[in-house]
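Novice: Provided below are the primary sequence and the corresponding predicted coordinates.
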Amino acid sequence: MTKNNSIRGKKERAAGGRFELKVRQHLEELGWIIGKWMNTVDQDKNGKIGKLVPAKRKYNPFLKALGIGVGFPDFVAFKRNENGSYEVIGVEVKSNGYLDKIEKGMCYWLLENKIFSRILIAKALKKGRKLEIEYYDFGKKYIKEDNDQYENDY
């Protein structure tokens, strides 16, 4: 790895952290109560998704720091509805808005097992020099309309 890639990686991680913080603040302004999600979905060797487990912490030997909060999705958010019940959603922050195959599989599993009622993906949109946030619902974008199982959930 060259020095330029190292510098670029540091800048990208910092930009991702700033965007994640901006998403969190925006959701709090909208009335959501936000917490860092500390769990992830476990997969076996064959790629089958099995259960919800605590996310492992990542150690960075160069910074000698332990990274906390590496769960999937990034945030858990909840808000009280008019009828007094709570809506609990997951929020994944992706500046480009794209999920890879493994992440999509985890989202399907989280929705099928009713861990979250919805999963929102936060995407960065550049408008001039300003960075705006666009949210899209994973269920509405990736789950086909002909699947009756999810039509009532959204």
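Specialist: Arrived safely, thanks for sending.

Novice: my guess is Ala77 is in a strand, correct?
Specialist: Yes - assessed with DSSP: H, G, I helix; E, B strand; the rest coil, Ala77 lies in a strand.

Novice: Identify the residues contacting the closest residue to it other than its chain neighbours.
Specialist: In this structure, Ala77 finds its nearest non-sequential neighbour in Trp32, 4.2 Å apart by C-beta to C-beta, 6 or more residues apart in numbering. All C-beta atoms are positioned from the backbone trio N, CA, C, and that covers glycine. By C-beta atoms under 8 Å, 6 or more residues apart in numbering, the contact set of Trp32 is Ala77, Phe78, Lys79.

Novice: The last one and Ser117 touch, don't they?
Specialist: What it means is Lys79. No - counting by C-beta atoms under 8 Å, Lys79 does not reach Ser117; the two are 10.8 Å apart.

Novice: any idea which helix or strand carries the residue nearest the centre of the chain?
Specialist: With distances taken as C-alpha atoms, centre = their mean, the chain has Glu92 as the residue nearest its mean C-alpha position (1.5 Å). In this structure, Glu92 sits in strand 86-93 according to DSSP states H and E.

Novice: so after that strand, what's the next helix or strand?
Specialist: Tracing the chain C-terminally past strand 86-93 and defining elements by DSSP H and E, one meets helix 101-112 next.

Novice: how far off strand 86-93 does that next one point, in degrees?
Specialist: Counting by axes from the mean of the first three to the mean of the last three C-alpha atoms, to 10 degrees, helix 101-112 lies at 180 degrees to strand 86-93.

Novice: Now do the following helix or strand past helix 101-112 against helix 101-112, angle only.
Specialist: Remark: after helix 101-112, the chain's next helix or strand is strand 118-127, criterion DSSP H and E. Strand 118-127 and helix 101-112 are oriented at 130 degrees to each other (the same axes, to 10 degrees).

Novice: ok, strand 118-127: who's next to it in the sheet?
Specialist: Next to strand 118-127 in the sheet, as set by DSSP bridges, lie strand 86-93 (parallel), strand 130-137 (antiparallel).
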